[in-house]
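Chemist: sequence first, predicted model second:
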Amino acid sequence: MLQPINVSLESLNLITLAPMLVAIAGGLIILVLDLINSKLHKTLYVMLTLLILFIDFGAVLGLNVNERGFFDVMLIDGVSIISQLMIIVASMLFIPLSLTSKRFHEYSYPEFFALFLFMIAGFQFMVTSDNLILIFVGLETASLALYTLIALHNRSNSFEAAVKYFTMGALSAGFYAMGSAVIYGLTGSIELYKVAAVLSLRMDEASIMIAIFGASVLLLTAFAFKLSLFPFHTWAPDVYEGASAPLAGYMSVVPKVAAFVVSIRIFGMYIDLGIEWVRIIILVLAVGTMTLANIMALVQEDVKRMLAYSSISHAGFIMAALALDTTEGTTAIFLYYALFMFTNLGAFAMLWISRHKVRRFSDRYDNPYEKFAGLINIMPMGAVIMALFMLSLAGVPPFSVFWGKIYVMQAAVNSGYVWLAIVMGLNSAIAAYYYLKLIVFMFLKEPVKSVDTVYYNLSKPLMAVIGLATVATIGAIFYIQPLISYIYYMISASGY
């Protein structure tokens, strides 16, 4: 006769689930409110979403480092806390943009905000677990919500973008599931700390090494799709182009932060076990991604597509830091994205300044370079801010992303990869060209057409978000050391 299993609430440590439960409950509250009264103004949903995100932020800050909960599938370490804070802060920056214009009708649907909160919960589950099944559940929850958010933009290229993203996401999920199945078959466990313990005892078996190689290739392929690494990056520019400009900026940061956290856990485990060819494959992917994405960005005629390839190149930079598998390298990943987050979201938000619904400057693109020609004469402050974002993304000192790049290169040199730091420096020089190209159009070209500021979106929420991104980009000059110290402390406290 089976004996009952007694599980106490204290042993479950349910506080580890609090941040995710806040986001899920918030999404359900929004749906219930809409069922009760379907005529509520969208401003209520925006304010409610922001309130939920603030509560979520507080719940994350209240967590203790290095704890497990809910049958040990939840892992609260420095990496999970930092990544959750970044996800929530980026979401707080994104949500106010829904107040900026009535042109994008998806922001008037309560379902948009509910899906957004469910997506955040999915990303939080991804970064707070080392259980392969829970990571998969979080990944698919977030991905399915994001596909729908893209399609809600309700334009022909938005539907195309959503279908492409869904197709690539399904393929990625398949590779992840197969890789996880191989790991389970080898070790009898889906929890990474147990997997590492079993593999460390069986590394001398040839058949085991072959199976490990197969599993690592499958998992690397899955995350190469998610991180838009070469040669699995082809979906990204089209998806970014089809999504609304703010959502494209959001997609360039938050899903990648979550995917990098999982990559740190999985591939860091492989490298810690001494499997050097995993490190070599990651380095090849990183160098190929940053180089080829920069070359493709050089020939783009649309600013949004240029920024899409730019985001791919930045992911290559971060992938190189992941291959180092040092505390300094892991710190560099989070420092880079903490700085990149504000600058890139600000740059994509600047694409939203134009009010026109039809393509006035190009038959093919929404944001051709010609659209920004002579912007200094039409909107001087807008031109200066966009130039600031471009210089920061290019890594020009002393603006924010420069510190991220220099710290990654320092971590590479300290780990003995001087050649990698040189490759990064050369790629930064290439990237400077296409960032400066936009600055030349804004400051040195004459406007293509006579454009009055009536065509530009000067709403206060948009200006507030762009202003906050600008302050963060400049403020990083003065507060970079405390940020590095905090991230380094959290990472090292968790043993990374």
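Modeler: Sure thing, it's come through.
Chemist: so how far is residue 38 from residue 32?
Modeler: Taking C-beta to C-beta, to the nearest Å as the measure, residue 32 and residue 38 are separated by 12 Å. Quick note: C-beta positions are derived from backbone N, CA and C, even for glycine.
Chemist: those two - which one has more neighbours?
Modeler: residue 32 (11 against 8; other C-beta atoms under 10 Å).
Chemist: what comes into contact with the helix or strand harbouring the more buried one?
Modeler: Taking DSSP states H and E as the definition, residue 32 sits inside helix 18-36. Here helix 18-36 makes contact (C-beta atoms under 8 Å, 6 or more residues apart in numbering) with 40, 44-45, 48-49, 52, 55-56, 59-60, 62-63, 84, 110-111, 113-118, 120-121, 124-125, 128.
Chemist: need the CA coordinates for it. PDB is fine.
Modeler: Extracted C-alpha coordinates of helix 18-36, given in PDB (Å, rounded to 0.1, in the frame of the first residue of the first chain):
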ATOM      1  CA  ALA A  18       5.600  35.200  -6.000                       C
ATOM      2  CA  PRO A  19       7.000  37.300  -8.900                       C
ATOM      3  CA  MET A  20       5.500  35.000 -11.500                       C
ATOM      4  CA  LEU A  21       2.200  34.700  -9.700                       C
ATOM      5  CA  VAL A  22       1.900  38.500  -9.500                       C
ATOM      6  CA  ALA A  23       2.300  38.700 -13.300                       C
ATOM      7  CA  ILE A  24      -0.200  35.900 -14.000                       C
ATOM      8  CA  ALA A  25      -2.700  37.200 -11.500                       C
ATOM      9  CA  GLY A  26      -2.400  40.700 -13.100                       C
ATOM     10  CA  GLY A  27      -3.200  39.300 -16.600                       C
ATOM     11  CA  LEU A  28      -6.200  37.400 -15.200                       C
ATOM     12  CA  ILE A  29      -7.500  40.600 -13.400                       C
ATOM     13  CA  ILE A  30      -7.300  42.600 -16.700                       C
ATOM     14  CA  LEU A  31      -9.300  39.900 -18.500                       C
ATOM     15  CA  VAL A  32     -11.900  39.700 -15.700                       C
ATOM     16  CA  LEU A  33     -12.300  43.500 -15.700                       C
ATOM     17  CA  ASP A  34     -12.900  43.500 -19.500                       C
ATOM     18  CA  LEU A  35     -15.600  40.800 -19.000                       C
ATOM     19  CA  ILE A  36     -17.300  42.900 -16.400                       C
END
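Chemist: mind listing what's buried in that helix?
Modeler: Residues 18, 19, 20, 22, 23, 24, 26, 27, 30, 31, 33, 34 are the ones in helix 18-36 that count as buried (16 or more other C-beta atoms under 10 Å).
Chemist: give me the angle between the next helix or strand after that helix and helix 18-36.
Modeler: Next in sequence after helix 18-36, counting helices and strands by DSSP H and E, comes helix 42-61. Taking axes from the mean of the first three to the mean of the last three C-alpha atoms, to 10 degrees, one finds that helix 42-61 is oriented at 160 degrees with respect to helix 18-36.
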